[in-house]
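J.: What follows is a predicted structure for the sequence shown.
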Number of protein chains: 2
Amino acid sequence: MAGTDSGVVFDTLVVVGPGLIGSSVLRRAKEYGTLARRLVAVDNSAAVCARVMELGLADEATTDGVAAVAQADCVMLCVPVGAMGAVAAQLVPAMKPGAVLTDVGSTKVSVTEAIAPSLRADVPYVPAHPMAGTEFSGPDAGLVDLFENRWCLLTPLEATTPQALQQIRTLWTRCGARLREMSPAHHDRVCAIVSHLPHLLAFTICGTADDLAEETRSEVLDLAASGFRDFTRIAASDPVMWRDIFLANREALLEMLGRFMEDAQAMARAIRWGDAEYIVDKIERGREIRKSLIENRQA
Amino acid sequence: MAGTDSGVVFDTLVVVGPGLIGSSVLRRAKEYGTLARRLVAVDNSAAVCARVMELGLADEATTDGVAAVAQADCVMLCVPVGAMGAVAAQLVPAMKPGAVLTDVGSTKVSVTEAIAPSLRADVPYVPAHPMAGTEFSGPDAGLVDLFENRWCLLTPLEATTPQALQQIRTLWTRCGARLREMSPAHHDRVCAIVSHLPHLLAFTICGTADDLAEETRSEVLDLAASGFRDFTRIAASDPVMWRDIFLANREALLEMLGRFMEDAQAMARAIRWGDAEYIVDKIERGREIRKSLIENRQA
């Protein structure tokens, strides 16, 4: 029975945007058989649809989203956050009454606001954000265990029905994720500091290095020590996705960046004036946080 | 014959400060037998000396540095960069004429300046910097293959003799490292951007997160996504070592931090005003640098 521990959660699951996240959900659904009976992928690109079928990730892959979602018991939007509003406006009117709408966007205030105008009283909506990813993208990049032991944050709205929320909870639990619920605004602040700001800093330092005089620049590439190398791994992520995230979570991100810049200026001042105690204190705090993370099984 | 491809490079090698780097040199020397015939570790701490002997890393471990270096054909200083001057002042006068002095400090202008007053005409000095490390420290943290395929930067001075330079080149080549020579000042600029600035940013973001309101802070620890987790790995490094590096490479580091802050401000402005093109351009550059690194076998 759908939504319980036995059988599948949904009869037909339509994944819109089978990229890293979407194709990982499809892989999980195919391999475990407990998410949905029938899997459909929707993408604007016929090449992506063909690749999804080659990889055997879905029963059907189509560029005709309107026709596909009309058959869906659940529609999961896995497109960049900047495209969520337009995609919802196009697809939600075609959904069956009672079918569940969900998304996997990395920002939640802007996504829920973008989707709001398209919402229908007979289509419950459950905003979700599985916190998983690699620096790769596209349907080939997905992994069946991408969500294993990772957090999936749910930000239910007032209109979200308990039944739909429970179905999406079950779906992500069956993907291996750990669940937590919070408001969209709180979600965005937390993600600004744990994910968006680190990415912004990583992109920026790569640009700073790239602007150095040619002689230094070429040696930077040759000599990249562990610190810089870790930054470039983060910085190798999908540009459009991150552009959208930065713009969509503008307020929380700029606030966290502002705090960070004040702290970096204070560190610069401590270095300039030789304030050894201040520097050690900041480094010790980094170690403490690392220790907490390890105790928390996150590192 | 010492310094050639056969036999050992030095008869007796004294490693002062058998921490992560020093104990890795000792492990390599023990396992391969091609660096030195006799291995001696010197440390201020009797407990560290006892641990070095328990681990079987040296033929002798002692707190009496003066007596130890009197027997040395090479003295390798592996202490934090802030301690190099004082340690050299204590030990260099006790060295045998013709014995080679070298160091592994992560900054080279300040270390060569700190050691300069202690230098003797009959003790050639070869400044070196093996670019390798982990977030762990102490004699237990060393690895026999820590330097494998990593760069070792040599910054010979005018007075450095060709023979001593060749011996230190051979020593690091036998540790598995790739070699490059440059001036101390150029070294410090390159390392400021590839290593010191990334560490400064990582320490700072951990502090910024730690200062958040309690509710957000506890969720940050729970939810640390990949970006922040990578930062905490960098930030878990030894506080005293990094304090010394920041203070010792103050000028180059503050210059690179200044450039970085300008770039981060420009990114903040682009996010505030929705300049999508600027944001994508910066992210694309991060990807390009990543690609160059992979082609360079560094990532």
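T.: Received, thanks.

J.: can we go C-alpha only for contacts and neighbour counts from here?
T.: Noted.

J.: low pLDDT regions in chain A?
T.: Along chain A, the parts satisfying pLDDT under 70 run over A:1-6, A:225-227, A:294, A:296-299.

J.: after the helix ranked longest in it, next one along is what?
T.: Ranked by residue count under DSSP state H, the longest helix found in chain A is helix A:250-272. Following helix A:250-272 in sequence order, the next helix or strand is helix A:276-295 (DSSP states H and E).

J.: Now that following helix: buried residues?
T.: A:278-280, A:282-290, A:293 (16 or more other C-alpha atoms under 10 Å in any protein chain shown).

J.: Provide the contact partners of the longest helix of chain A at residue level.
T.: Applying C-alpha atoms under 8 Å, 6 or more residues apart in numbering or on different chains, the contact partners of helix A:250-272 are A:188-189, A:192-193, A:196-197, A:246, A:276, A:278-279, B:201, B:204-205, B:207-208, B:246-247, B:250, B:254, B:257, B:261, B:268, B:271-272.

J.: can you dump the C-alpha coordinates of it into CSV?
T.: What follows is helix A:250-272, C-alpha atoms only, in CSV (Å, rounded to 0.1, in the frame of the first residue of the first chain):
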residue,chain,number,x,y,z
ARG,A,250,20.8,36.3,-1.6
GLU,A,251,19.7,37.7,1.8
ALA,A,252,21.0,34.9,4.1
LEU,A,253,24.1,34.4,2.0
LEU,A,254,25.1,38.1,2.1
GLU,A,255,24.5,38.2,5.8
MET,A,256,26.8,35.2,6.4
LEU,A,257,29.4,36.6,4.0
GLY,A,258,29.2,40.0,5.9
ARG,A,259,29.9,38.2,9.2
PHE,A,260,32.7,36.2,7.6
MET,A,261,34.4,39.3,6.1
GLU,A,262,34.4,41.0,9.5
ASP,A,263,36.0,37.9,11.0
ALA,A,264,38.5,37.7,8.2
GLN,A,265,39.4,41.4,8.7
ALA,A,266,39.9,40.8,12.4
MET,A,267,42.2,37.9,11.5
ALA,A,268,44.1,40.1,9.1
ARG,A,269,44.5,42.7,11.8
ALA,A,270,45.7,40.1,14.3
ILE,A,271,48.3,38.9,11.8
ARG,A,272,49.5,42.4,11.0
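
J.: any idea of the angle that helix forms with helix B:250-272?
T.: Comparing the axes of helix A:250-272 and helix B:250-272 via axes from the mean of the first three to the mean of the last three C-alpha atoms, to 10 degrees yields an angle of 170 degrees.

J.: Buried residues in helix A:250-272, which are they?
T.: Neighbour-count burial for helix A:250-272 [16+ other C-alpha under 10 Å]: A:250-254, A:256-257, A:259-261, A:263-264, A:267-268, A:270-271.

J.: any idea how far that helix is from the chain center?
T.: Chain-centre distance of helix A:250-272: 25 Å, with C-alpha atoms, centre = their mean, to the nearest Å.

J.: how about the residue most central in space within chain A, secondary structure?
T.: The structure's chain A has its C-alpha centroid closest to A:S106; by C-alpha atoms, centre = their mean the separation is 4.0 Å. Here A:S106 is coil, with the state taken from DSSP: H, G, I helix; E, B strand; the rest coil.

J.: same deal with A:E113?
T.: A:E113 - assigned by three-state DSSP - is helix.

J.: same thing with A:I234?
T.: helix.

J.: List the contacts of it.
T.: Contacts of A:I234 by C-alpha under 8 Å, 6+ apart are A:135, A:199, A:202-203, B:227.

J.: quick one: which of the residues you listed has the most company?
T.: Highest neighbour count within these: A:F203, with 31 neighbours (other C-alpha atoms under 10 Å in any protein chain shown).

J.: now what about whichever strand or helix holds that one, what contacts it?
T.: Here A:F203, judged by DSSP H and E, is contained in helix A:197-210. With contacts defined as C-alpha under 8 Å, 6+ apart, helix A:197-210 is touched by A:217, A:220, A:231-232, A:234-235, A:253, A:256-257, B:193, B:198, B:205, B:227-228, B:231, B:259-260, B:263-264, B:267, B:282-283, B:285-286, B:289.

J.: Toward the C-terminus from it, list the very next helix or strand.
T.: helix A:214-223.

J.: Pull the residues that contact that next one.
T.: By C-alpha under 8 Å, 6+ apart, the list of residues contacting helix A:214-223 from outside reads A:209-211, B:151, B:186, B:189-190, B:193-194, B:289, B:292-293, B:296, B:298.

J.: just stretch A:51-68 next, same as before
T.: A:14, A:16, A:18, A:23, A:26-27, A:30, A:38-46, A:49-50, A:90-91, A:94, A:139-140.

J.: Quick check, A:A88 in contact with A:R120.
T.: No - using C-alpha atoms under 8 Å, A:A88 is not in contact with A:R120; the gap is 11.0 Å.

J.: Break chain A down into its structural domains.
T.: Following the assignment in automatic domain parsing, chain A carries domains at A:10-182, A:186-295.

J.: For those domains, please prepare a markdown table with the additional fields distance to B:T102.
T.: A markdown table is the format used below for the domains of chain A (distance: least, C-alpha to C-alpha, whole Å):
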| stretch | distance to B:T102 |
| --- | --- |
| domain A:10-182 | 40 |
| domain A:186-295 | 21 |
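
J.: which one of these lies closest to B:I168?
T.: domain A:186-295 (19.4 Å; C-alpha to C-alpha).

J.: Pull out the buried residues from the contacts of stretch A:51-68.
T.: A:14, A:16, A:18, A:23, A:26-27, A:30, A:38-43, A:49, A:91, A:94, A:139-140.

J.: Just the closest residue of the stretch 101-250 of chain A to chain B, please.
T.: A:A236 (4.5 Å; C-alpha to the nearest C-alpha).

J.: wait, what's in contact with that residue?
T.: Counted by C-alpha under 8 Å, 6+ apart, A:A236 has contacts A:135-136, B:283, B:286-287, B:290.

J.: So which of those residues is the closest to B:A159?
T.: B:R290 (38.7 Å).

J.: how about stretch A:162-176: buried residues?
T.: Here stretch A:162-176 shows A:164-165, A:167-176 as buried, counting by 16+ other C-alpha under 10 Å.

J.: Pull the residues that contact stretch A:24-35.
T.: Contacts for stretch A:24-35 (C-alpha under 8 Å, 6+ apart): A:6-10, A:15, A:18, A:36, A:39, A:57-58, A:142-146, A:171, A:174-175.

J.: Relative to the helix or strand A:V126 falls within, what are the paired strands and their orientations?
T.: Taking DSSP H and E as the definition, A:V126 sits inside strand A:125-130. Here strand A:125-130 has these sheet partners by DSSP bridges: strand A:100-103 (parallel), strand A:151-154 (antiparallel).

J.: Could you dump these into TSV and include mean neighbour count?
T.: Shown next, in TSV, are the strands paired with strand A:125-130 (neighbours: other C-alpha atoms under 10 Å in any protein chain shown):
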stretch	mean neighbour count
strand A:100-103	24
strand A:151-154	25
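
J.: Please give me every residue in contact with A:D11.
T.: A:D11 makes contact with A:2, A:36-38, A:72-73 under the criterion C-alpha under 8 Å, 6+ apart.

J.: Narrow those residues to those in helices?
T.: Checked against DSSP H, those include nothing in helices.

J.: So which of the residues you listed wins on neighbours?
T.: Most surrounded of those: other C-alpha under 10 Å gives A:A72, at 25 neighbours.

J.: so A:P156 sits right up against A:V126, yeah?
T.: Yes - A:P156 is within contact range of A:V126, at 5.6 Å (criterion: C-alpha under 8 Å).
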